[in-house]
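*Asks:* The sequence and its predicted three-dimensional model are supplied below.
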There are 4 protein chains.
Amino acid sequence: MERTSVEETLTSVIECMRACNHCFSKSLQEEDLHMFTECIRLTRECSDICTLALNALETDSAFSKPIVALCAQVCDTCAVECGRHQHDHCQACAKACERCAEACRTLVAA
Amino acid sequence: MERTSVEETLTSVIECMRACNHCFSKSLQEEDLHMFTECIRLTRECSDICTLALNALETDSAFSKPIVALCAQVCDTCAVECGRHQHDHCQACAKACERCAEACRTLVAA
Amino acid sequence: MERTSVEETLTSVIECMRACNHCFSKSLQEEDLHMFTECIRLTRECSDICTLALNALETDSAFSKPIVALCAQVCDTCAVECGRHQHDHCQACAKACERCAEACRTLVAA
Amino acid sequence: MERTSVEETLTSVIECMRACNHCFSKSLQEEDLHMFTECIRLTRECSDICTLALNALETDSAFSKPIVALCAQVCDTCAVECGRHQHDHCQACAKACERCAEACRTLVAA
């Protein structure tokens, strides 16, 4: 894979991992917790698959493509779920997940 | 470190990691979610430090002792929090955390 | 997914994760290190995807199937590579990876 | 913990995690592999503890301080080992580890 596009993807993956962790923590502090159960689940999962993708890309793994493709899939689902809430942490997380999913798909298609 | 006691600790660490993941998932399905916010946080953290401890022990890491000591500390906190709830997943998690904390401390003292 | 088959898969995933970590550590101590570079890479990756699979199964993740399918793929590759060496740690790792790949594929097909 | 210093630490932790993954991969491609066995071990461990530290800081974990303190300890050891080799990936890794260790210690002392 070309190094420039890997760099751009890595930046998006890191931003997504951070936004997911932040949203996980903030969602647990919300009053209306029942609205956020899927956010809490998905931000944890999304953060974990982002970590795997980051390690794969940075170590030139032979499995980078399927891992990054799976990362895009989890990001899409997390973006839809967090996008349903107007709270800052959810909106920021949804945007970071969307950008990450797109960057991952671009890399897989390259 | 002696292999027998490492084996026993590993078994406890794996049981704890599994119980924490199960409790995380079940806590998110509870009616009275506000009672479980700390369980949800702590079971995720406990599962992650257990993974690190397992990898450290299995790869003979030079940092096994401080990692296992930190694992005991997180397990203790998670055991206290989950122990406050009568729900099966919390009681099972509290017991697994207690056993893991004890096994970890025994290994560190060895 | 049915609980019995999930339990069996979890046991195989845990055994595989442990065998991979052990093989990683032992491979780094071999005289003829150049024979083991791919083992070292793959056992690390296989241990990490096993951790993700274990967390997904234990938390009833919506992504369990694609994660477990990817786990089978990494296990297959690691089994082939470790299977080429007669050393105990590599043979044990290859067998654990084969069993894990099969258990994962059975679960995905269920 | 104050948000500004957490932000600075996070940047250092992420850079360190990336440099360690890159050094791990490059070390496995070196001719004189025996010189790099400790680098390979330590960069994996350092990447994993950096991931834990990043998750802890980003989720406002109650265990951030001991996790970040342990991260500093692993970074120090990895910096010394990689610092012994003149290869670009090792020098870059050593510098990233040093900066991360310092940022972690500053945060723990705050």
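*Replies:* Thanks, I have the structure now.
*Asks:* Give the rounded mean pLDDT of the lengthiest helix in chain A.
*Replies:* When every helix of chain A is counted residue by residue (DSSP state H), the longest turns out to be helix A:3-27. The predicted model assigns helix A:3-27 a mean pLDDT of 94.
*Asks:* how about the residues of chain A near chain B?
*Replies:* Neighbours of chain B within chain A, by Cβ under 8 Å from any Cβ of the partner chain: A:25, A:28-29, A:33-34, A:37, A:40-41, A:44. Glycine gets a C-beta too; all of them are placed from N, C-alpha and C.
*Asks:* now the longest helix of chain A, how far from the chain's geometric center?
*Replies:* The offset between the C-alpha centroid of helix A:3-27 and the centroid of the whole chain comes to 6 Å, using Cα atoms, centre = their mean, to the nearest Å.
*Asks:* now check that helix, is it near chain C?
*Replies:* No - on the criterion Cβ under 8 Å from any Cβ, helix A:3-27 is out of touch with chain C, staying 13.4 Å away.
*Asks:* Show me what that helix is packed against.
*Replies:* In terms of contacts (3 or more Cβ pairs under 8 Å, 6 or more residues apart in numbering or on different chains; DSSP states H and E), helix A:3-27 is packed against helix A:37-58, helix A:64-83, helix A:88-109, helix D:3-27, helix D:37-58.
*Asks:* Could you dump the ones you listed into TSV and include distance to C:Asn21 and mean neighbour count?
*Replies:* As requested, the helices and strands packed on helix A:3-27 are exported to TSV (distance: least, Cβ to Cβ, whole Å; neighbours: other Cβ atoms under 10 Å in any protein chain shown):
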stretch	distance to C:Asn21	mean neighbour count
helix A:37-58	15	25
helix A:64-83	19	22
helix A:88-109	28	21
helix D:3-27	15	21
helix D:37-58	10	25
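*Asks:* and the ones you listed as CSV, adding distance to B:Ala109?
*Replies:* Written out in CSV, the entries for those read as follows (distance: least, Cβ to Cβ, whole Å):
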stretch, distance to B:Ala109
helix A:37-58, 32
helix A:64-83, 40
helix A:88-109, 42
helix D:3-27, 31
helix D:37-58, 23
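*Asks:* rank the ones you listed by mean pLDDT and give me the bottom one.
*Replies:* When I compare the helices and strands packed on helix A:3-27, helix D:3-27 is least confident, with a mean of 94.
*Asks:* Check whether A:Lys26 really touches A:Ala92, as I assumed.
*Replies:* No - at 9.6 Å, A:Lys26 does not count as touching A:Ala92 under the criterion of Cβ atoms under 8 Å.
*Asks:* shared neighbours of those two, which are they?
*Replies:* Common neighbours of A:Lys26 and A:Ala92 (criterion: Cβ atoms under 8 Å, 6 or more residues apart in numbering or on different chains): none identified.
*Asks:* Could you measure from the residue of chain A positioned farthest from its centre over to chain C?
*Replies:* Of all residues in chain A, the one whose C-alpha sits farthest from the chain's mean C-alpha position, using Cα atoms, centre = their mean, is A:Glu31 at 24.6 Å. Applying Cβ to the nearest Cβ, to the nearest Å, the value for A:Glu31 to chain C is 25 Å.
*Asks:* Give me the distance from stretch A:63-82 to the chain's centre.
*Replies:* Here the centre of mass of C-alpha atoms in stretch A:63-82, compared against the chain's by Cα atoms, centre = their mean, lies 7 Å away.
*Asks:* How about it and chain C, touching?
*Replies:* Yes - applying Cβ under 8 Å from any Cβ, one finds stretch A:63-82 in contact with chain C at A:63, A:66-67, A:70, A:73-74, A:77.
*Asks:* In TSV: these, plus distance to D:His87.
*Replies:* Formatted as TSV, the entries for the residues of stretch A:63-82 next to chain C read as follows, by distance: Cβ to Cβ, whole Å:
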residue	distance to D:His87
A:Phe63	26
A:Pro66	30
A:Ile67	27
A:Leu70	33
A:Gln73	37
A:Val74	35
A:Thr77	41
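*Asks:* nearest to C:Ala19, of those residues?
*Replies:* Among those, A:Phe63 lies closest to C:Ala19 (Cβ to Cβ), at 18.5 Å.
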